[in-house]
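> Here is my input; please provide its structure:
(4 chains)
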Number of protein chains: 2
Amino acid sequence: MRAELFDPDIPRDRLLAAGARLFRRQGFRATTVRAIGAEIGLLSGSLFHHVRSKEEILFGVMERVIGAMLDDLRAGLSAAGDTRARLRALIAVELTYLHGPCADATAVLFHEWRALSPERQAVLLSGREAYFALWHEVLERARAEGLTRAEPAVLRQFLHGALAWTSFWYQPGGALDIDALSEQALAMVAPPEVSP
Amino acid sequence: MRAELFDPDIPRDRLLAAGARLFRRQGFRATTVRAIGAEIGLLSGSLFHHVRSKEEILFGVMERVIGAMLDDLRAGLSAAGDTRARLRALIAVELTYLHGPCADATAVLFHEWRALSPERQAVLLSGREAYFALWHEVLERARAEGLTRAEPAVLRQFLHGALAWTSFWYQPGGALDIDALSEQALAMVAPPEVSP
DNA sequence: TAACAAACCAAGCAAGCGCTTGGTTGTCTT
DNA sequence: AAGACAACCAAGCGCTTGCTTGGTTTGTTA
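Residues are numbered from 1 along each chain as shown, chains lettered A, B, ... in the order given. The predicted structure is shown next:
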């Protein structure tokens, strides 16, 4: 996966990274433009030289991460062998984004979706749909092969919810690393014994 | 389960119910005391006769629902027979609260936890811990009996996340009712074939 | 070295926020 | 009849918010 979503040498990217960090920690509404500015040593007014509005920061963060996740998921799926490996790739990509170097931006994408205006939500919707279309494809096959039992459309939501929720409790650096966490998620949706 | 958390005949309860409704729809920060007042035909200042602060509304809502859920979960578990039935009860109680008559308050409890001050979070923590202690007990037995595969502590978080996330996508009244949704969740964490 | 644009500062505006204040209304008890 | 109390209104205070404005610095190019 790409190590960084934002280039520290580009002022606007520094702004987006700071926004992601604070939006994740305090939420979009609770974060002031003054706090974002202070985070990168800027006065509150100065950041409107790089961005038209506070919401544009949120949108910029989401747009960036949604594109990157889609790329990485495609790469992960094409590298995976059987359906079970593809299932693991779905999980691993999401957990890696949620707890790796892109953790801030990914958490913001998942948890601050409602803070974005409906118009801008619509702009990102195609990327979101493409992402979950890949999920659906894998989950359909997984059920056809007897790996999973729940209906793919429902399972997709359950699994995504379970993974997104990890940002509230999972601490990277503890006893459980991301690979082990992925394996636990895989064990939940597709216990090894069920496969033929 | 108890049909209503708030008594429409008590002014303060009407206030809490209105708060829950708006907090769920727009989030705590985005909801103004003026909007809450308007919801029950009150001027913004008048509602401070019933409540000391806006946050006290949030706390009141959460306190109420957390106690009710704990009662209902205890009742549901004692009525259930084997471990699989107890597992179903865990799921059913949570989904019933999330999408039944207490949907507003429950969604607020799960999704606006961070909006509560740390001091008040601490007050509710004992109720929360008692609730999840019951979960843990059931999930431990489920694993001991071979019903589930993932570690109980992790599975608890995954499952709770999956269920809490339903408030973003599940629409009661559609083709899938709450019982069917519960069955899907159960199928995900404990596929029938695995049991001995 | 002059010109120019990107990047930033200093100051503040208009609007909205949670909450306070002082007073009025209606109901119930004694 | 009179007191007590809950419930509410009308008005607005002090503060914070996102964002604007006009001007200054800095670095690059011609």
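> Tell me which residue of chain A lies closest to DNA strand D.
A:Gly45 (2.4 Å; C-beta to the nearest atom of the strand). In short, each C-beta sits where N, CA and C put it, glycine included.
> Tell me how far that residue lies from DNA strand C.
To DNA strand C, A:Gly45 is 3 Å away according to C-beta to the nearest atom of the strand, to the nearest Å.
> Contact partners for that residue?
Going by C-beta atoms under 8 Å, 6 or more residues apart in numbering or on different chains, A:Gly45 touches no other residue.
> So which residues on chain A come close to DNA strand C?
A:11, A:37, A:41-46, A:49-50 (C-beta under 7 Å from any atom of the strand).
> Now pLDDT, distance to A:Phe168 and secondary structure too, for the residues you listed, in a markdown table please.
A markdown table is the format used below for those (pLDDT from 0 to 100; distance: C-beta to C-beta, whole Å; DSSP: H, G, I helix; E, B strand; the rest coil):
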| residue | pLDDT | distance to A:Phe168 | secondary structure |
| --- | --- | --- | --- |
| A:Pro11 | 92 | 32 | helix |
| A:Gly37 | 96 | 28 | helix |
| A:Gly41 | 94 | 31 | coil |
| A:Leu42 | 92 | 30 | coil |
| A:Leu43 | 90 | 33 | coil |
| A:Ser44 | 91 | 30 | helix |
| A:Gly45 | 86 | 34 | helix |
| A:Ser46 | 92 | 34 | helix |
| A:His49 | 95 | 35 | helix |
| A:His50 | 95 | 31 | coil |
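> ok, these vs chain B, which is closest?
Closest to chain B out of the residues of chain A next to DNA strand C is A:Ser44 (19.1 Å), distances taken as C-beta to the nearest C-beta.
> now the spatially closest residue to the closest one that is not a sequence neighbour, what's its secondary structure?
With C-beta to C-beta, 6 or more residues apart in numbering or on different chains as the criterion, A:Ser44 has its nearest non-adjacent residue at 4.2 Å, and that residue is A:Arg34. Secondary structure state of A:Arg34, per DSSP: H, G, I helix; E, B strand; the rest coil, is helix.
> what about chain A, any weak spots by pLDDT?
Within chain A, the segments meeting pLDDT under 70 span A:2, A:193-196.
> Try it again at 80.
Residues of chain A that meet the criterion pLDDT under 80 lie in A:1-3, A:193-196.
> Chain B versus the residue nearest to A:Ser44, what's the distance?
16 Å (C-beta to the nearest C-beta, to the nearest Å).
> Surely that residue touches A:Ser46?
No. A:Arg34 lies out of contact with A:Ser46 (C-beta atoms under 8 Å); the separation is 10.8 Å.
> Check the contact lists of these two and give me the overlap.
Between them, A:Arg34 and A:Ser46 share no contacting residue, judged by C-beta under 8 Å, 6+ apart.
> Chain B contacts on chain A?
Contact residues, chain A versus chain B (C-beta under 8 Å from any C-beta of the partner chain): A:27, A:29-30, A:114-115, A:148-151, A:154-155, A:157-166, A:168-170, A:176, A:181, A:184-185, A:187-189, A:191-194.
> Which ones among the residues you listed map onto strands?
If you go by DSSP state E, the residues of chain A next to chain B have nothing in strands.
> Can you tell me which of those residues end up in helices?
A:154-155, A:157-164, A:181, A:184-185, A:187-189 (DSSP state H).
> Any quick PyMOL command for the buried ones out of the residues you listed?
Filtering these down to the buried ones (16 or more other C-beta atoms under 10 Å in any protein chain shown) takes a single PyMOL command:
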select buried, chain A and resi 154+155+157+158+159+160+161+162+163+164+181+184+185+187+188+189
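> Alpha carbons of stretch A:13-31, as CSV, please.
Taking Å, rounded to 0.1, in the frame of the first residue of the first chain, the C-alpha atoms of stretch A:13-31 are listed here in CSV:
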residue,chain,number,x,y,z
ASP,A,13,-1.3,18.4,1.7
ARG,A,14,0.1,19.4,5.1
LEU,A,15,-3.2,21.1,5.7
LEU,A,16,-5.3,18.1,4.7
ALA,A,17,-3.1,15.8,6.9
ALA,A,18,-3.6,18.1,9.9
GLY,A,19,-7.3,18.2,9.2
ALA,A,20,-7.5,14.4,9.1
ARG,A,21,-5.6,14.1,12.4
LEU,A,22,-7.9,16.6,14.2
PHE,A,23,-11.1,15.4,12.6
ARG,A,24,-10.4,11.9,13.7
ARG,A,25,-9.5,12.9,17.3
GLN,A,26,-12.3,15.4,17.9
GLY,A,27,-14.7,15.0,15.1
PHE,A,28,-15.3,17.5,12.2
ARG,A,29,-17.7,19.8,14.0
ALA,A,30,-15.7,20.0,17.2
THR,A,31,-12.5,21.0,15.2
